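Student: Everything below, folded, please.
(chains A and B)
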Amino acid sequence: MRGSCHRAAEISAAPAAAHSREIPRGKHIVSEWLAEIWRSREILYFLTWRDVKVRYKQAVLGVAWAVLQPLFTMVIFSLTFGKLAKMPSDGIPYPLFSFSGLLLWTYLSVTLAQVGNSLINNSGLITKIYFPRVLLPAAAALQGLLDLLVGAVFLVALMIYYRQEVRIGWSALLAPLFVAQTAVLVMGAGMLLAALNVRYRDVKYTIPFLTQVGLFVSPVIYPISFFPPRYQAWLALNPMTGIIEGFRACLLGTPINWGLVGVSWGFTLLILVLGGVHFRSTERVFADIV
Amino acid sequence: MAEAVTVENLSKRYQLGALQRDTQLREHLMHLLQAPFRRRLPKETIWALREVSFSVQEGEVVGIVGRNGAGKSTLLKVLSKITYPTSGKVRTRGRVASLLEVGTGFHEELTGRENIYLNGSILGMKKREVDVKLDAIVAFSGVERFIDTPIKRFSSGMRMRLGFAVAAHLEPDVLIVDEVLAVGDAAFQKKCISAMQDLRGGGRTVLFVSHNMAAVENLCTRGIWIANGQVRLDGPTHEVIEAYMASFNSAESTGSELTTVEGRRGSGEIRYTRVEFLSAKREPQNVTRSGKGVVVRLHYHADEPIERPCFGLRMHSDLGTLVTDCSTWLHGIDIPVVPPGDGYVDLEIDSINLLPGRYFLTIWVDSVMTKKIFEALENAIHLDIEEAPIYNSSRRIDNRFGLVYFPQRWNLEGISHAPRIEVSPAANG
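Tutor: Residues are numbered from 1 along each chain as shown, chains lettered A, B, ... in the order given. Here you go, the predicted model:
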C-alpha cells in the first residue's frame, strides 16, 4: 500500500504530492508523532498566542495578575507561617523562601487546571478539524510560562532586596532547568488528566482538589529539612519536592541535594511517559465522545 | 492520472448513548460494584458507514449526496482524520484541507485580523502564507473596516464572510467541504460558489457535501449517493442526482405539516396548518415538473373572524432571488371576512414555468386595511421542480439556463435557401 503510494508520488510532478498520508496510520512510533508535532509547530504557536491574548484582553491590570496572586499568598504565608508559627526556612528570609516556592507552585496549580481542561474547552476544534491533539494541552502548558516569567522578575527583585542574607552565585543559572521540569511535569500529568476528562468530567472537579492538597505535601511553606530523614524519603515521591528544593537551592546558594533532584526527574519523566501513552492511546476517540 | 483519495472498505461504528452513559466515573464504579464479574452488556451500536469504497482521481470534483443521517458527515469526518474508522483504510495525497464549518477556531475576544491568522493556521496555512494573502483575504471578506475589532462585535454574517474568505485562500490539493454554502446571504453565497468554481478550474480535487442539488450539479463532475452508510450509486452527477431525487419524491409526503414550524411571525389570529401540492386535477402529486399545472393548497385555522385578509405566497430561488409574488391583493380580491375554524385556499397555477431546482415558499396572511400581519412563515416550505422536456427536445434544461422559461418557439423561415434543419427529437424525457 505504502509502496504504490510512493510510486504515484513519483509520477506526479507536484511537489506537495510528496506528502502521502494514510488514515489510520497504524501504530505510531514516537518519532513519527514528534515529527508531526514539529510540522504543526505554527499551530502550537498560534494556540499559545491565542490563550495568552485572550487571558489578558479586557483585564485592566493585565499581566500584573501574574505577580499579584503569588505575592498576596506570599504575604499571608510570611505573616502566618513565618512570623506567627516561626516556620524554619533553612536560614533564608521567609518571604523569599515562600515566594520562590510559590512561583513554581502557582504555575503548576493554575496551569494544570488549564491543561486538564484544554480538550473539553476546545471541543469545537476537536470535532471540526484535524491537527495533532496534543497541541492543545501543550499550548495551555506553554501559555502559563508567561505568568511565571513575570513572577520571576519579581523574584529577582526580592533576591536583590535580601542580597545581604543570601548567597547568590553561578548556580542560579540552573534555575531554568527546574522551571522546565515543572512544565514537563504539568504536561505529563496534564495529558493524562485532559484525556481522562474527555470521558469522565469528574476530572474537572478533581484537579483543584489535587492542587490544593498538593500545596501541603510540597515544600512550599516548609523546607524538607523540617521533617526527620525517614519521612523525607516519602516526600521525595512527590516530584515537586525535588523541583522546589532544587530551584531554591540553586537560586539562593544553599547546597543542592542531587539525589532528591534525580529522584524527582525520574518521577517526572515517568509521569510524562504515562501521560503520553494514555493520551496517545485514547486520542482517536476524542472527537466521538468529547 | 493519480488517485488523490482512496477509500477502501471503510466502516465506522458508533455506540449509541455513549455520550450520556459512562461520562460519570461514579456510574462506571457503580457498575463495577454492583456486578463485578458480570460481563458488561453489549451496548447498542450503529454503523454510520459500512464497507464504503471508492477512489477519486486528481482534479475530480465529487458531490456527495444523501439524506440526513445517511453517513455523509461521518464520511467527511473520517476523510479529514477528525474521527477514526472502525475498520478500513483511507489514503489521501497532498495537502488536505477540510471545511466542515466556516471559521473553525474563531475566538470571540480576538480581532478579525488575529482570527485570520488563527483560523488560517488551524486550516493548515503557514504564517508566511497568511502574511502574503492577508490583504486579499480581508478584501474578499468585505469587512475591512472592522478588521481590528474583536469578532464578538461581528454579526453572524460578517463572521461567515471572514471565515469563508480564509477558506477561499487555502491552496490545498484536496479540499473537503461540508454544507458551508448553506449559510450566508444570497450575494455572499454567489461569491462562494464562484470561488468554488475557481477551485474546480484550478485542477483541485474537491469532495463536496451538500443538500443544494443545484450547487452539486453545477460544481461537480461526479456524484456519490450515500444511503444507510453505504454507497448506493456512484457515477456522473446528473444520474446520481436524478436517482437520489426520485427516491426522495416517492418517500416524502405530498404536503408539509406546518404546525410544528418555528420562527413564525405575526399576531396569530389565523395560522397556516398545512401546505399541499396537488395536480391540476386536484390529485396529490409526488413530483412537480417544469411546465405542468400545480395547485398549492394552503390550509389554515382561524381562531376568530378575520376581516378583509390578504393571502399571499412568495417564491424565492435557492439563492434568494425573488421569483414571483402571488397574493390575493395583487388580484384585486377582497375577502370581506374569513369565519373562525379550519379551511383552505387554493392557488391554481396553470403552468409552472420554472426550470428545475429547489424553490422556497414564504406564505403569509395580512390585513388589507391595516397591513397588520396575522401570519408569516418565511421560507417554511420548499417546492422541488423536476425536469421535463419543456421544449420537446432531449436537451437537459436545468437552472444553468436560468430560473424561468417562457412558452416559446423559434421561427426560422427567415433563413433563405436553408437545407433541411434537423431538430433532435424528444428523448425519453
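
Student: how about the nearest residue to residue A:37 once chain neighbours are set aside, secondary structure?
Tutor: Excluding its sequence neighbours, the residue lying closest to residue A:37 (Cβ to Cβ, 6 or more residues apart in numbering or on different chains) is residue A:132, at 5.3 Å. Where C-beta positions appear, they are placed from N, C-alpha and C, glycine not excepted. Following DSSP: H, G, I helix; E, B strand; the rest coil, residue A:132 is assigned to coil.

Student: Quick one: neighbours of residue A:132, just the number.
Tutor: Residue A:132 sits with 17 neighbouring residues when counted by other Cβ atoms under 10 Å in any protein chain shown.

Student: In contact with it, which residues are there?
Tutor: Counting by Cβ atoms under 8 Å, 6 or more residues apart in numbering or on different chains, residue A:132 touches A:33, A:36-37, A:40, A:43.

Student: okay if I get those residues as a markdown table plus neighbour count?
Tutor: Putting the contacts of residue A:132 into a markdown table (neighbours: other Cβ atoms under 10 Å in any protein chain shown) gives the following:
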| residue | neighbour count |
| --- | --- |
| A:33 | 15 |
| A:36 | 15 |
| A:37 | 16 |
| A:40 | 18 |
| A:43 | 23 |
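
Student: Show me which of those is closest to residue A:112.
Tutor: Checking these against residue A:112 by Cβ to Cβ gives residue A:37 as the nearest, at 20.7 Å.

Student: Now whatever residue of the stretch 51-200 of chain B ends up closest to chain A: closest residue in space that isn't a chain neighbour?
Tutor: Proximity of the stretch 51-200 of chain B to chain A (Cβ to the nearest Cβ) peaks at residue B:81, 3.8 Å away. Once flanking residues are discounted, residue B:81 sits nearest to residue A:130: 3.8 Å by Cβ to Cβ, 6+ apart.

Student: residues contacting that neighbour?
Tutor: By Cβ under 8 Å, 6+ apart, residue A:130 lies in contact with B:80-82, B:98.

Student: So which of the residues you listed sit within strands?
Tutor: Judged by DSSP state E, strands contain the following of those: residue B:98.

Student: What pLDDT is listed against the residue nearest to residue B:81?
Tutor: pLDDT recorded at residue A:130 is 92.

Student: For the helix or strand that contains residue A:74, name the packing helices and strands.
Tutor: In this structure, residue A:74 sits in helix A:65-77 according to DSSP states H and E. If you count contacts as 3 or more Cβ pairs under 8 Å, 6 or more residues apart in numbering or on different chains; DSSP states H and E, helix A:65-77 packs onto helix A:94-116, helix A:135-161.

Student: Which single one of the contacts of residue A:132 is nearest to residue B:273?
Tutor: residue A:43 (51.9 Å).

Student: Whichever helix or strand residue A:55 is part of and chain B, any residue contact?
Tutor: For residue A:55, the host element (DSSP H and E) is helix A:41-56. Yes: for helix A:41-56 and chain B, the contact criterion (Cβ under 8 Å from any Cβ of the partner chain) is met by A:42-43, A:45-47, A:49-50, A:53-54.

Student: Okay, buried residues for stretch A:145-158 please.
Tutor: Using 16 or more other Cβ atoms under 10 Å in any protein chain shown as the test for burial, stretch A:145-158 gives A:145-148, A:151-152, A:154-155, A:158.

Student: That should have said stretch A:204-211, apologies.
Tutor: Neighbour counts over stretch A:204-211 (16+ other Cβ under 10 Å) mark A:204, A:206-207, A:211 as buried.

Student: Next, format those as JSON lines and append secondary structure and pLDDT.
Tutor: As requested, the buried residues of stretch A:204-211 are exported to JSON lines (DSSP: H, G, I helix; E, B strand; the rest coil; pLDDT from 0 to 100):
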{"residue": "A:204", "secondary structure": "helix", "pLDDT": "89"}
{"residue": "A:206", "secondary structure": "helix", "pLDDT": "91"}
{"residue": "A:207", "secondary structure": "helix", "pLDDT": "93"}
{"residue": "A:211", "secondary structure": "helix", "pLDDT": "92"}
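
Student: Where do the helices of chain B begin and end?
Tutor: Here chain B has its helices, by DSSP state H, at B:25-34, B:72-79, B:112-122, B:127-141, B:156-168, B:186-201, B:213-219, B:237-251.

Student: Would you format these as TSV with mean neighbour count included?
Tutor: Below are those laid out as TSV (neighbours: other Cβ under 10 Å):
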stretch	mean neighbour count
helix B:25-34	12
helix B:72-79	24
helix B:112-122	24
helix B:127-141	16
helix B:156-168	22
helix B:186-201	16
helix B:213-219	21
helix B:237-251	16
